[in-house]
Structures are given as structure tokens and as C-alpha cells.
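> coords below, sequence missing:
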């Protein structure tokens, strides 16, 4: 119930009617063997028949690729069929079984390939595509290690969107360089960065979107992400919305937060606060000392010579406890006030065949050898820690925001909070109130003190709508 109070907040009035958002779904699709470019005959036995990502059809006749959303890239990227050959001299020649197996694995890692020769509508722009360097890395020694090729134009269709999104002459980066090992190729991506060609093509006047992680299973790390386009759905969030302006320096990575604390079972893992980049598709990458302390606090260990997986990750012997009360949880507090608490079962994936579970976490010493971290170096807060959050990006007002996901309380069995009303995120420049507000209980899924926050971020948002901001009126509310 809302009562009168002397505090003032900014509320958007004079809005147009609330419009339905267009949502893209990042999910699993099964692929028939006849639709593969390369088939070594082992895809079903080895679990390579599924494709994960946002489904996009490209070219005429249409070919299908699956894209991973990325805040680090502005380009949509796909890989040419020729990039899955081991060397240029093998392209379009009859392959040995070893070469075919290489190409088949490469196609799986890429999540679909595009044959520009087979598309009647493909246009080669003759412009070189090279990723990295990125504006914030400027590392010439890694030129093209993620994608090296050319920019092209072709018709695209996102049939899973509602209504369908389609465009002719859509510009994308096409990877053409061959790879000696299949892991050298990168997953095709949907660039949602500051200069996103996707957003500029489909939503040039409202480059605003939100990203959430709907749950399909409580027994494994989810792969699904939903991207709300042409606005954000505040009904997918609850509690305080923490907003901040994008940096004016266009060469700086736009989405960063300082991690002030990480703790497990009351043990603090962070001795010195560190800055981390935020990305919705990359796994978390931690400073070496934090990574080591996390392993010690949770009983995790690095893979040994007798384990069937390699890498600088944490693995755990035995199954994950079924009840949340029997699990450890990782609590993270950021300098902007946002706080996460993510339990063990949402950070680990149990592998039946191996008899243990593992995180995707790694550390910054290992990171330079990982393709992901060539695009976004340094510590990363990735999808594994963002699963119970709703991320909102507003390029029109040059700001981004983060809040707890609307289902986070019910997932963890904690005291439920009322989801925010669907509306528009208040601007960063709103009037602010000092600290001293009521703190959330520590045992809530994402609890923590509020401190000094924007007044508008504590408002009931039923008066706001998704449409572009048209006017601001100062009103009084009762708490």
C-alpha cells in the first residue's frame, strides 16, 4: 500500500501505451544429421547433435546458425564453411576421416556454419574483419585470433522472435581463416555492444534491451537466456534497481563493476577490491588469489592427471547436495550496492559419466590462453553469477542497470519480494536520497544494505511505461 511521504521521486508521465516486447530466446535445438555441413558419423554418440544459441537464418536459400549474445562485441559474427578446414590447401577437397572429424567438431563449436558460395543474396563488402583487437585491448599481437575474415551482407531472419525479425542486406562479420585445431574457432555471436549493428538495424530509435535467465531445470546450470528488445520488462526484476552511466570514453569497456566482497560460509575471499567486466555469455574469471581461496573454502580442486577433463577449473568429487540448506553459496557484493547470493547447484554442473561436478570458473593467469578472454581480458563476472539477476541496457540514455531477477526469492525459498511493475528504468540523474533506508535481511537470496540510492529506483513503477521517456514530473509518495 502506498502512503504520502515528504520524499520526492521522479516518475514518467505522458507515456504512450505499454507495448509488447520482442524477445529472442537462447536455447537448445536439435539438428538432423542431413542438415550438417560435416558429419563424421559420431555426432549422436558424442552428444554433438544439439545446437545452443539464438537461432538465425541467413542467405537465400536460408542457412541456420545459432548465436551467443555478447556485450563485448558490436558485430554479429558467423563462420564460413571454409574456416573448419585444417589448412587453406584442404578447402573444398575430399577429406580424410581425420580431417572430417576435425571439421565436424569445428562445426559443433561454431554452432552452425555459413556457406557464402551457396547464398544467392550474399554480398562481399571487401572489408577486412578482425577480432581482436577491441577498443579496450589495443593488443596488436592477438589480431584475428578470435575471428579473421571479411564483412558481408545478406538477408537474415530471426524466426523465433515474435513478431519475426528480418532484414535484407544485414551486415555481419564472416570468419574465413582456417584452424589447425577445432577449438580455435569461436561460437557465432550476436553483438549487443555499444555500436551493435543488430540494434541499429532493427531498433535504431530505441536501442534498449534486458537480459534474463529463465530456469528450465534446478539440477544443472541453465543455458537459456531471454533478450527483451525495444525496451525492458521490469516485471522480470524485483527490489532495488542499481543504475549507472556508461563511460564517456568510447574506448573503455562500458559494463564494469568493482567487486568489494566475495564470501563462502562466512569466509571472505577478497583481500583487495577488484574491477570486473560484466558479460552475459562468458563464464566468470577470477583473480588468482580469489580463485585459490574459493577452492579452499568449498573443497574444490584443480583437475589432476587422472581426471578426464583438463583446464584451470575447480572440480568437486561426488554429487551436489539436493537441498539448498546443505549447499554452500557464493555471496558477492559490488561497490554500487548490488548483492548476489548464488547457491552451489547453480554454479556447478554434475557430469554423471565422470562422477564429479565442475565450475566454469577459471582465473586470470589461465585466461590469456582462452579465446573468451582475448575479447574481454581480466576478471569477468559472467553468466554463472548473473543467473539470478536482470540486466538492463539503455543506449539511448547512455546507462545500464542491474537488479535481482523476479524469481530469485522463490528459487531459493527465501522471503518473497513483489516483482517490479513493467515500466521504464528511471534515469541515473534522478534525485538521490542518503543512506539509512531499511536493509534487506542477510538471509534473503540477494540481501544486503541499500545505502544511498536513487529515489526513483525505490518507486512503485506502475505509472511508467516501456515507451521512450517523454516527460518527468516530481510527485510525492507515502511509504
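Yep, that arrived. Since the model is a prediction, treat every value here as computed from it, not as a measurement.
> so what does residue 116 have for phi and psi?
Torsion angles at residue 116 (phi, psi; degrees, to the nearest 10) stand at phi -60, psi -30.
> residues in contact with the residue nearest to it when sequence neighbours are not counted?
With C-beta to C-beta, 6 or more residues apart in numbering as the criterion, residue 116 has its nearest non-adjacent residue at 4.6 Å, and that residue is residue 122. Bear in mind the C-beta positions are built from the backbone N, C-alpha and C, glycine included. Contacts were defined as C-beta atoms under 8 Å, 6 or more residues apart in numbering; by that measure residue 122 touches 59, 116, 152, 153, 154.
> can I see the domain layout of the chain?
Following automatic domain parsing, one gets these domains for the chain: 27-202, 210-430+439-452.
> just put those domains in a markdown table and tack on distance to residue 21.
Rendered in a markdown table, the data for the domains of the chain read as follows (distance: least, C-beta to C-beta, whole Å):
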| stretch | distance to residue 21 |
| --- | --- |
| domain 27-202 | 10 |
| domain 210-430+439-452 | 4 |
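> contacting residues for residue 398?
For residue 398, the contact set (C-beta under 8 Å, 6+ apart) comprises 245, 246.
> coming back round to it: let's have the domains of the chain in TSV, adding mean pLDDT.
Conversion of the domains of the chain to TSV gives the following (pLDDT from 0 to 100):
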stretch	mean pLDDT
domain 27-202	88
domain 210-430+439-452	79
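> sorry, back to before: for the residue nearest to residue 116, phi and psi?
Dihedral pair for residue 122: phi -70, psi 140, per degrees, to the nearest 10.
> ok, now residue 264?
phi -140, psi 130.
> burial check on the nearest residue to it once chain neighbours are set aside, number of neighbours?
For residue 264, the nearest residue in space outside its immediate sequence neighbours is residue 297; the separation is 4.3 Å by C-beta to C-beta, 6+ apart. The number of residues packed near residue 297 is 18, by other C-beta atoms under 10 Å.
> can you tell me the SS state at residue 297?
Under DSSP: H, G, I helix; E, B strand; the rest coil, residue 297 falls in the helix class.
> now residue 83: closest residue in space, sequence neighbours ignored.
The shortest distance from residue 83 to any non-neighbouring residue, by C-beta to C-beta, 6+ apart, is to residue 175 (4.9 Å).
> burial of the one you found, as a residue count?
The local packing of residue 175 (other C-beta under 10 Å) involves 27 other residues.
> quick one: contacts for it?
If a contact means C-beta under 8 Å, 6+ apart, then residue 175 has 77, 78, 79, 80, 83, 129, 147, 148, 149, 185, 186 as its contacts.
> distance check, it against residue 185.
Spatial separation of residue 175 from residue 185 under the definition C-beta to C-beta, to the nearest Å is 7 Å.
> can you check residue 34 too?
Noted for residue 34: a distance of 22 Å to residue 185, by C-beta to C-beta.
> of those two, who's got more company?
Higher neighbour count among residue 34 and residue 185: residue 185, with 25 against 6, using other C-beta under 10 Å.
> circling back: determine which two of the contacts of residue 175 are furthest apart.
Distance extremes for the contacts of residue 175: the farthest pair is 129 and 185 at 14.2 Å, using C-beta to C-beta.
> just checking, residue 270 touches residue 259?
Yes: between residue 270 and residue 259 there is a contact under C-beta atoms under 8 Å: 6.3 Å.
> out of the two, which sits in the more crowded spot?
Between residue 270 and residue 259, counted using other C-beta under 10 Å, residue 259 has the larger neighbour count: 22 against 18.
> which element is that one on?
In this structure, residue 259 sits in strand 256-264 according to DSSP states H and E.
> thinking again about what came up before, most neighbours, which of the contacts of residue 175?
For these, neighbours tallied by other C-beta under 10 Å; top is residue 78, 30 neighbours.
> next structured bit after the helix or strand harbouring that one?
Assigning secondary structure by DSSP H and E places residue 78 in strand 77-79. Secondary structure here is assigned by DSSP H and E; on that basis, the next helix or strand after strand 77-79 toward the C-terminus is helix 97-110.
> overlap in contacts, residue 175 and residue 185.
In the contact map built from C-beta under 8 Å, 6+ apart, the residues linked to both residue 175 and residue 185 are 79, 83.
> quick one: the helices in the stretch 51-200 of the chain, in order.
Taking DSSP state H, counting those that start in this stretch as the test, the helices found in the stretch 51-200 of the chain are 97-110, 197-202.
> rebuild these as TSV, extending it with mean neighbour count and distance to residue 87.
Shown next, in TSV, are the helices of the stretch 51-200 of the chain (neighbours: other C-beta atoms under 10 Å; distance: least, C-beta to C-beta, whole Å):
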stretch	mean neighbour count	distance to residue 87
helix 97-110	20	9
helix 197-202	20	31
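> would you format the ones you listed as CSV with distance to residue 275 included?
Below are the helices of the stretch 51-200 of the chain laid out as CSV (distance: least, C-beta to C-beta, whole Å):
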stretch, distance to residue 275
helix 97-110, 30
helix 197-202, 26
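> relative to residue 243, which of those helices is closest?
Comparing those by their distance to residue 243 (C-beta to C-beta), the top pick is helix 197-202, with 19.1 Å.
> remind me what that closest one packs against, helices and strands.
strand 165-175, strand 189-191 (3 or more C-beta pairs under 8 Å, 6 or more residues apart in numbering; DSSP states H and E).
> of the ones you listed, which approaches residue 279 most closely?
It is, among these and with distance given as C-beta to C-beta, strand 189-191, at 11.1 Å.
> ok now that closest one, how far from the chain's centre?
10 Å (C-alpha atoms, centre = their mean, to the nearest Å).
> tell me what that strand is packed against?
For strand 189-191, the elements it packs on are strand 63-70, helix 197-202, judged by 3+ C-beta pairs under 8 Å, 6+ apart.
> again, only this time at 10 Å
For strand 189-191, the helices and strands in contact under the criterion 3 or more C-beta pairs under 10 Å, 6 or more residues apart in numbering; DSSP states H and E are strand 50-58, strand 63-70, strand 77-79, strand 165-175, helix 197-202.
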